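1. Attaching a predicted model along with its sequence, questions to come.
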Number of protein chains: 2
Amino acid sequence: MAEPADLVVEGCTVLVHGQDGTIRFEEDSAVVVRDGAITDVTSAVTAAALPAHERIDARGRLAMPGLINCHTHAPMVALRGIAEDVPVEEWFNDWIWPIESNLTDEVVELGALLACAEMIRGGVTAFADHYFSMDRVADAVARSGLRASLGWAYFSSQGAEGRERSLDFALRRDGDADGRITTTLAPHAPYTVDDADLEATAELAREHGLPVHIHAAENRAQTDSSLERYGRTPVETLHRTGLLDVDLLVAHGTGIVDSDLAVLARATGRIGIATAPKGYLKFGWDTTPIRALSSLGIPVGLATDGAASNNTLDVWESMTLTALVQKSAEKDPRWLTARQALDHATTQSARVAGLGERAGALAPGRRADLILVDLSGPHLRPLHDIAAALVFSARSADVLTTIVDGRVLMRDRRLLTLDVDEIAGELARRLPALTDRGHGRRIQDYGTG
Amino acid sequence: MAEPADLVVEGCTVLVHGQDGTIRFEEDSAVVVRDGAITDVTSAVTAAALPAHERIDARGRLAMPGLINCHTHAPMVALRGIAEDVPVEEWFNDWIWPIESNLTDEVVELGALLACAEMIRGGVTAFADHYFSMDRVADAVARSGLRASLGWAYFSSQGAEGRERSLDFALRRDGDADGRITTTLAPHAPYTVDDADLEATAELAREHGLPVHIHAAENRAQTDSSLERYGRTPVETLHRTGLLDVDLLVAHGTGIVDSDLAVLARATGRIGIATAPKGYLKFGWDTTPIRALSSLGIPVGLATDGAASNNTLDVWESMTLTALVQKSAEKDPRWLTARQALDHATTQSARVAGLGERAGALAPGRRADLILVDLSGPHLRPLHDIAAALVFSARSADVLTTIVDGRVLMRDRRLLTLDVDEIAGELARRLPALTDRGHGRRIQDYGTG
């Protein structure tokens, strides 16, 4: 007789991916976990006969891969709602960058912890973060139980020190938290990091086998400004500096223009784009051109950006908005179906976050990063189409249970690793010092260069 | 000493409207209810001294007016998710109108009950419905405890009988359910109801003092088709048939064109528009031109349309999407601020639904239709800006308690008047007969005429 499984989640409908990547829903199924990995997805009847240390009765629920937040700045939850209803120049120059000159390690860690709590409650099991004081973010990730890809952001205005700190962090913390932490090099963007620094970054990425996480072509104005100033688009700058020949996570890309597509098609690195549609709507921008990127085979993962622009770290909301906004942008109700949205949320997000073979599907060998979704609410009934129900009716609050590496981080909406009141209380005491803009400094200037 | 209050909701932050309509948030406050109406909004200290039959400790929560769903087809929850990712012609002609030829009174009532359950859980306290077998919808409203404005829909293809049934229903059921039900005349749309019927409807509305609830200019294609076929827009048809001179609730209006604005400006009736942005995104339509309508002083209320197109009856989601989509459509991040969105959700929605002085604000004399929102979730912290938190971070699942006419319909997420499992179970048994399209009939044809 086999050793007992560590965990059996049984009786649920399971979202599984076929060999060709198509999504199916298997009813009365079970997920078997050993040593933090999925060892089997089987029938509930078969699973019932398996000995296990822990069993979760998941009848009436749906098991699916945990959501992956492909681009965020977790600690920025501290600034949630502080700069509303303003254009992006004002948002950066008058609010975010002045306030960020007050950042402390403590605020970053408390913000990251609060963000982790929000993400666990929203069914997120992994996130790609791009911020400062990243050792503290890594500590928060370790404590929360989440998985994360972390990069320490830098601007050329910091001199070589910024780039070196990013590399040092990436080398020191890769593989931390029992392997749940991976790391990236994190230049801010082509408009704040010069070509020499971008080239040096690509070189370091090759030398150390590290992926790069960067903002680029965030909006059309940045592309236009780059064309005017340098005679090339931000994507052409990525190409020219060698960044399209390493593993590259590009945030946003709403300013990707038609001529960029041929450039992206010639990339030799694994390129992925993260889309965070809520903020684009708020700023009045175009959205990520997913249809064109998909035609090139470039994966587009779901993201929330930071809460200072997008207000929540709710990847479920990003999934719903991606489907809605893409249909609207393409003026095509047949485009970006519910099943396509689920593909972005699972397979494509895993690829974008560098977790292609480790997460993004419930299948033997993958890490046991999964969530259980309550299908019993009145807003989900009747259930004519599970995919449509998930994308267009369900919401993050329907996630009951969040599991990472086989460890339950939230059970029936109760967080098991973090205390929100304690964290939010500690953070609140530090807000007056954080949000003071009387000093007149800012960490960087926004011009759409 | 005064008679004890029926209900005191105490310790909460209360969303109140100033004399000029601006929204304020009063902390440590209380709402006092007698005979189903609000008699006072006062400090928690003052309220603590008031005797009351029932008290709700609402510390850490926000009290605000219940949401109003200004246009829906509640029973269509039975078709939630059945016709996804298709253009509107296919949606109507191949799915909805064939299926609706199978409608029975029982399905309508069960659908309406399930819809009421969903709306109560989403913080909706009143809705404007436009459907068939409306006596059964009225019965469901009575049982649920909700408030509703109900109209029995008709097409000219039904002959005079359709219009007469709509009138008969409106006269019989107005004031039902202890006054919670009001009624409207409900011609379907200018492309399915001819001018003679619309004129007769306007005449009946005047004669009986009834409002009219209609779809018009649902999308731009309808406007173009109307111009081509009749040489006038749907809004001009409303004007020409006298419907702009009675109290009129117009659903959608995404096809309202610039030349319509002058026509609307000359309306002598109280005109209101209901916007249901989720479905417009799904169908790839433009959205309701709120900025132009607001400049004319025409109120725009929030709506979900039916769940067969919009998947949920989640007015909170409509509020969030209205803010996001309007910023995007106008390419102006300063437009449709969080406070404006709350104004649409409260004052303007009440006016659109014909509840202008009875609901839409927490103030003495208004009906006690209110909801309590949990502010303690990690996605709402810290709370730099309550308006932004409500519109861009909170979601319907944060509504803990829903109260209509001073009666608690949901307490701490538990429904008190309806049993979802029982209703959904009864409905499920009737779905095979409902969704059978083998007969090849449909109740009406969609052409964008």
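-> Everything's here; your move. Numbering: from 1, shown residues only, chains lettered A, B, ... in the order given.

2. what residue is smack in the middle of chain A?
-> Centroid check for chain A by CA atoms, centre = their mean gives A:Asn69 as the closest residue, at 1.8 Å.

3. ok, it touching A:Ala303?
-> Yes - here A:Asn69 reaches A:Ala303: they are 5.7 Å apart, a contact under CB atoms under 8 Å. All C-beta spots, glycine's among them, are computed from the backbone N, C-alpha and C.

4. list residues touching both of the two?
-> Residues touching both A:Asn69 and A:Ala303 (CB atoms under 8 Å, 6 or more residues apart in numbering or on different chains) are A:Ala128, A:Val315.

5. what's the residue nearest to the centre of chain A in contact with, if anything?
-> If you count contacts by CB under 8 Å, 6+ apart, A:Asn69 has them with A:Met119, A:Val124, A:Ala126, A:Phe127, A:Ala128, A:Leu302, A:Ala303, A:Thr304, A:Leu313, A:Val315.

6. Just the element for it, please.
-> According to DSSP states H and E, A:Asn69 maps onto strand A:67-72.

7. next structured bit after that strand?
-> helix A:88-90.

8. contact partners of that following helix?
-> Outside helix A:88-90, the residues that touch it by CB under 8 Å, 6+ apart are A:Ala83, A:Asn219, A:Phe283, A:Tyr446, A:Gly447, A:Thr448, B:Pro333.

9. and it, which residues are buried?
-> Buried residues in helix A:88-90, defined by neighbour count with 16 or more other CB atoms under 10 Å in any protein chain shown: A:Val88.

10. Now find how far off-centre the helix or strand that that helix is followed by is within its chain.
-> For helix A:88-90, the following helix or strand on the C-terminal side (DSSP H and E) is helix A:97-100. In terms of CA atoms, centre = their mean, to the nearest Å, the centre of helix A:97-100 is found 23 Å from the chain centre.

11. I'd like the mean pLDDT over the following helix or strand past helix A:97-100, please.
-> Using DSSP H and E, the next helix or strand after helix A:97-100 towards the C-terminus is helix A:105-121. Summarised as a single mean, pLDDT over helix A:105-121 is 98.

12. Contacts (any at all) between chain B and whatever helix or strand comes next after helix A:105-121?
-> Following helix A:105-121 in sequence order, the next helix or strand is strand A:124-131 (DSSP H and E). No - Strand A:124-131 stays clear of chain B (CB under 8 Å from any CB of the partner chain), getting no nearer than 11.5 Å.

13. residues of the helix or strand in which A:Arg165 is found that come out buried?
-> Counting by DSSP H and E, the element that carries A:Arg165 is helix A:160-173. For helix A:160-173, the neighbour count (16+ other CB under 10 Å) marks A:Gly162, A:Arg163, A:Arg165, A:Ser166, A:Leu167, A:Phe169, A:Ala170, A:Arg173 as buried.

14. cool, and stretch A:388-408?
-> Of the residues in stretch A:388-408, A:388-408 count as buried by neighbour count, 16+ other CB under 10 Å.

15. near chain B, which of those show up?
-> Restricting the buried residues of stretch A:388-408 to those near chain B by CB under 8 Å from any CB leaves A:Ala388, A:Ala389, A:Phe392, A:Ser393, A:Arg395, A:Ser396, A:Ala397, A:Asp398.

16. wait, doesn't the first one sit right on A:Gln340?
-> No - the pair A:Ala388 and A:Gln340 does not pass the contact test of CB under 8 Å, sitting 11.7 Å apart.

17. angle of the strand holding A:Asn69 against strand A:124-131?
-> Here strand A:67-72 points in a direction 10 degrees away from that of strand A:124-131 (axes from the mean of the first three to the mean of the last three CA atoms, to 10 degrees).

18. Note down every partner strand of strand A:67-72 and its orientation.
-> As defined by DSSP bridges, the strand partners of strand A:67-72 come to strand A:124-131 (parallel).

19. got the CA positions of the very next helix or strand once past the strand it pairs with in PDB?
-> Next in sequence after strand A:124-131, counting helices and strands by DSSP H and E, comes helix A:134-144. Coordinates of the C-alpha atoms in helix A:134-144 are reproduced here as PDB (Å, rounded to 0.1, in the frame of the first residue of the first chain):
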ATOM      1  CA  MET A 134      12.700  43.800  -1.900                       C
ATOM      2  CA  ASP A 135      14.400  41.900   0.900                       C
ATOM      3  CA  ARG A 136      11.400  43.000   3.000                       C
ATOM      4  CA  VAL A 137       9.000  41.800   0.300                       C
ATOM      5  CA  ALA A 138      10.800  38.500   0.200                       C
ATOM      6  CA  ASP A 139      10.400  38.200   4.000                       C
ATOM      7  CA  ALA A 140       6.700  38.900   3.700                       C
ATOM      8  CA  VAL A 141       6.400  36.300   1.000                       C
ATOM      9  CA  ALA A 142       8.100  33.700   3.100                       C
ATOM     10  CA  ARG A 143       5.800  34.500   6.100                       C
ATOM     11  CA  SER A 144       2.600  34.500   4.000                       C
END
